[in-house]
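S.K.: Any chance you can model this:
(2 chains)
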Amino acid sequence: DTAVSQTPKYLVTQMGNDKSIKCEQNLGHDTMYWYKQDSKKFLKIMFSYNNKELIINETVPNRFSPKSPDKAHLNLHINSLELGDSAVYFCASSQAATRTGELFFGEGSRLTVL
Amino acid sequence: SQKIEQNSEALNIQEGKTATLTCNYTNYSPAYLQWYRQDPGRGPVFLLLIRENEKEKRKERLKVTFDTTLKQSLFHITASQPADSATYLCALDFRTDDKIIFGKGTRLHILP
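M.R.: Modelled structure (predicted):
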C-alpha cells in the first residue's frame, strides 16, 4: 500500500500544452509539498500546503498552480509548458504537528516537454 | 541566502570500508539536519535526523555527526556494501516555515 502516490509516472508533451500531476498520501499527514528535481539532480521546493492552505510558494512562475482539495491530496497544474519545465516532480508529505520534519516522497513524475 | 554544499559529486569506496560524506552549510544553523537516500528513478527516502543540540546519532551501520561551529555534518556508512550505492542527500530544516532545503547530493559507489 503506497504511502505517497503520484500519477502519472511519465509525461511527454509538446510546448504550450497544459498538464496536471496528481498526488495522494494515505499517511494522515497535514502537510504536503511539491519539489522539482532538474537534470543536475538538484531538489528544489516549489510549494507547501498545510491543511489545504498554501504556506510556501517559492517564486514559481504563475503557470504552476497547485490545488489541495483536501488534506490527503495535492495536485499540480502547469499551463503553457516550456522546455525548461522538463524535470522530475516529486510530491512529499510530513506531519508538522510531530515537528520531526521527516518527509515521505512519492516516486516522482518525469515530465518531458518537446 | 542559505547554501548547502555536499562537497563530493561522486565517491567511490571499496566494499567493507567506511564511506564518509560531507555536508556544509552557510549562514544559520538549522534546528534539524536530515539525511536521505535516493536510488535512480525513485523518490528520496529518509534515513536519519539530528538536532542542533546533538553531536552524533547512530542507526545500525549509519552514523551522523553535527558540528554547528564548523557548520558541517558528516554521514558515515561503516562496513559498506554494494547495496549502499545510491545518492545521499543532506537537508536542512529550520523549523520556521515548514521548508526543508536539500543539497545536491553525493553519488556513492561501493566497489565489490
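S.K.: residue contacts, residue 82?
M.R.: By default, I'm working from chain A. Contact analysis of A:Glu82 by CB atoms under 8 Å, 6 or more residues apart in numbering or on different chains lists A:Met15, A:Arg63, A:Val113. To be clear about C-beta, it is placed using only N, CA and C from the backbone, and glycine gets the same treatment.
S.K.: Not quite, go with chain B.
M.R.: B:Pro82 touches B:Glu15, B:Ile110, B:Leu111, B:Pro112, counting by CB under 8 Å, 6+ apart.
S.K.: For the last one, grab the count of nearby residues.
M.R.: Spelled out, that is B:Pro112. 8 (other CB atoms under 10 Å in any protein chain shown).
S.K.: Out of the contacts of A:Glu82, who's the most crowded?
M.R.: When neighbours are taken as other CB under 10 Å, the top entry among those is A:Val113 (19 neighbours).
S.K.: What pairs with the helix or strand containing B:Ile101, parallel or antiparallel?
M.R.: Using DSSP states H and E, B:Ile101 maps to strand B:100-102. According to DSSP bridges, strand B:100-102 forms sheet pairs with strand B:86-93 (antiparallel).
S.K.: Spell out which parts of chain A neighbour chain B.
M.R.: A:4, A:31, A:35, A:40-45, A:48, A:50, A:55-56, A:58, A:90, A:92, A:94, A:96, A:99-108 (CB under 8 Å from any CB of the partner chain).
S.K.: Would you mind writing the PyMOL command to select the buried ones in the residues you listed?
M.R.: In PyMOL syntax, the buried subset of the residues of chain A next to chain B is picked out as below (16 or more other CB atoms under 10 Å in any protein chain shown):
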select buried, chain A and resi 4+31+35+43+45+48+50+56+90+92+94+96+101+102+103+104+105+106+107+108
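S.K.: For chain B, what is the nearest residue in chain A?
M.R.: Using CB to the nearest CB, the single residue of chain A nearest to chain B is A:Phe105, 3.2 Å away.
S.K.: Thanks again, I'm all set now.
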